[in-house]
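Asks: sequence first, predicted model second:
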Amino acid sequence: MIKENARRYGLKSCLISVVSLMALTSCASHHHSHSPVSDANHVYQVESKSMADFTVVKDITYSTVDWPQALAADLYLPKQGSTAADTMPVVLMVHGGSWSGRDRSDMNSIAKKLARQGYAVFNVSYRFAPRFKYPAPVHDLQIALLWLQNNAAQYQLDLQRVNAWGYSSGAHLVAQLASAQAGAAGTLDLSPPLPSIRVVVAGGIPADLSQYANSPIVVPFLGAKRDEDPQLYKDASPLTHVSAEHPPTFLYHGQRDRLVEKEQSINYYAALRQADVPAELYLHPLWGHIAMFLFGWGAENQGIDFLNQHNM
């Protein structure tokens with residue numbers, strides 16, 4: 001059963017003392033295969049040791065004026081390339097929180113790491129259950145893609161290289177978003193077509209919601225128990241929509257995860273490979289769900305390598 005701890009990301013500061021455990025990360029197993037703004041926005045300069053690596057445009061309202069809830073995002077913009085004509089690959093960043101809470105600031109550290117690698121990062125908020133049920137947050141991510149499309153010229157974004165990264169319930173949402181380009185049920189049919197997702201990076205993903213028949217987390221998100229609406233559970237599961245059209249996908253998971261079982265990623269990886277989708281699976285033998293998020297730096301670095309390979 002998914003029982004994501006609402007305080008898990010807040011543990012980060014108090015658990016820094018165990019950072020020495022990261023020496024064990026070399027034990028991780030890694031399975032892989034390859035085939036080939038409005039004026040109200042606030043701009044902050046983010047400094048590293050000696051020089052500015054990127055800027056952040058804070059609190060962009062990306063939702064349309066008629067959207068059921070106003071939604072905000074932060075846009076991380078790395079240093080420009082050698083010419084003003086250079087465009088940047090993009091990562092749509094989506095936080096976890098059982099589809100019902102937490103905040104996009106949970107993903108700030110990964111967003112900064114990606115920005116330092118040359119990616120523009122759109123770190124978004126979305127609507128929460130139980131007030132807004134599936135597929136509402138997937139629709140929100142589609143509207144985020146629409147905002148990127150409408151503002152690509154202003155921020156020099158490369159719409160041919162739009163990627164998505166999420167953890168836990170955020171991983172579910174980005175995988176479901178990627179399925180939209182294959183016509184998955186529950187997605188908006190927008191015109192003109194939205195940018196396709198080029199690569200997915202998903203940590204601790206609940207890929208098959210049908211495994212959670214009476215979950216106190218999943219039921220409020222979907223609005224029904226599995227036996228009451230089994231088709232809804234299938235439609236809301238990324239595993240259901242795997243096809244050859246799915247983008248290359250990097251998965252990471254803690255083998256001791258008791259909140260979202262490791263088999264969720266293992267089975268999703270197997271389905272991707274069966275469909276000949278380029279995919280990699282990084283399993284850490286020691287971490288659970290929370291520790292994988294807090295201390296999964298090795299997995300994040302591998303995920304960035306995977307992004308780089310497919311965004312050349």
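Replies: Alright, I've got the coordinates. Keep in mind that what you see is a predicted model, and the values were worked out from it rather than measured.

Asks: alpha carbons only for contacts and neighbour counts from here, please
Replies: Noted.

Asks: for stretch 236-247, how far is the first residue from the last?
Replies: Taking C-alpha to C-alpha, to the nearest Å, the first and last residues of stretch 236-247 lie 18 Å apart.

Asks: so what's the model's average confidence on it?
Replies: The average pLDDT within stretch 236-247 is 95.

Asks: in it, what's buried?
Replies: Buried residues in stretch 236-247, counted by 16 or more other C-alpha atoms under 10 Å: 236, 237, 238, 239, 240, 241, 242, 243, 246, 247.

Asks: what distance do you get for residue 243 to residue 268?
Replies: Per C-alpha to C-alpha, residue 243 is found 11 Å from residue 268.

Asks: would residue 123 count as being in a helix?
Replies: No. Counting by DSSP: H, G, I helix; E, B strand; the rest coil, residue 123 falls outside a helix, being strand.

Asks: for the closest residue to it other than its chain neighbours, which three-state class applies?
Replies: Counting by C-alpha to C-alpha, 6 or more residues apart in numbering, residue 93 is the residue found nearest to residue 123 once chain neighbours are left out, at 4.5 Å. What three-state DSSP gives for residue 93 is strand.

Asks: could you give the number of residues near residue 93?
Replies: Neighbour count of residue 93, defined by other C-alpha atoms under 10 Å: 28.

Asks: what of residue 178?
Replies: Residue 178 has 29 nearby residues by other C-alpha under 10 Å.

Asks: then it would be within a helix, right?
Replies: Yes. Residue 178: assigned to a helix according to three-state DSSP.

Asks: you'd agree it is up against residue 194?
Replies: No. Using C-alpha atoms under 8 Å, residue 178 makes no contact with residue 194, being 11.1 Å away.

Asks: quick one, strands of the stretch 201-312 of the chain?
Replies: Counting by DSSP state E, counting those that start in this stretch, the stretch 201-312 of the chain has strands at residues 249-254, 279-284.

Asks: ok, and which of these has the densest surroundings?
Replies: Each of those was assessed for mean neighbour count using mean count of other C-alpha atoms under 10 Å. The highest is strand 249-254, with a mean of 28.

Asks: who touches it?
Replies: For strand 249-254, the external contacting residues (C-alpha atoms under 8 Å, 6 or more residues apart in numbering) are 199-205, 262, 265, 269, 277-289, 291-292, 299, 303, 306.

Asks: the strands of the stretch 201-312 of the chain: which one's closest to residue 160?
Replies: In terms of C-alpha to C-alpha, the element of the strands of the stretch 201-312 of the chain nearest to residue 160 is strand 249-254, at 16.6 Å.

Asks: which residues in this protein form helices?
Replies: Remark: helices assigned in the chain by DSSP state H are 108-116, 136-155, 169-180, 218-222, 230-235, 262-274, 289-295, 297-310.

Asks: burial count for residue 189?
Replies: Neighbour number of residue 189 under other C-alpha under 10 Å is 13.

Asks: state the distance from it to residue 97.
Replies: Using C-alpha to C-alpha, one gets 27 Å for the distance from residue 189 to residue 97.

Asks: what's the answer for residue 218, then?
Replies: For residue 218 relative to residue 97 (C-alpha to C-alpha), the value is 12 Å.

Asks: more neighbours: those two, which one.
Replies: Remark: of residue 218 and residue 97, residue 218 carries more neighbours, 28 against 22, as counted by other C-alpha under 10 Å.

Asks: which non-adjacent residue is nearest the more buried one?
Replies: Once flanking residues are discounted, residue 218 sits nearest to residue 212: 7.0 Å by C-alpha to C-alpha, 6+ apart.

Asks: just residue 262 next, same as before
Replies: Leaving aside its sequence neighbours, residue 262 sits nearest to residue 255 (C-alpha to C-alpha, 6+ apart; 5.5 Å).

Asks: same check on residue 237?
Replies: Nearest residue to residue 237 in three dimensions, chain neighbours excluded: residue 208, at 4.9 Å (C-alpha to C-alpha, 6+ apart).

Asks: thought that neighbour was touching residue 266?
Replies: No. Using C-alpha under 8 Å, residue 208 makes no contact with residue 266, being 11.0 Å away.

Asks: picking that back up, which one of the buried residues of stretch 236-247 is nearest residue 154?
Replies: residue 247 (26.5 Å).

Asks: out of the helices of the chain, which is the most enclosed?
Replies: Most buried of the helices of the chain by mean neighbour count (mean count of other C-alpha under 10 Å) is helix 169-180; its value is a mean of 28.

Asks: helices or strands up against that one?
Replies: Secondary-structure packing of helix 169-180 (3 or more C-alpha pairs under 8 Å, 6 or more residues apart in numbering; DSSP states H and E): strand 88-94, helix 136-155, strand 157-167, strand 197-203.
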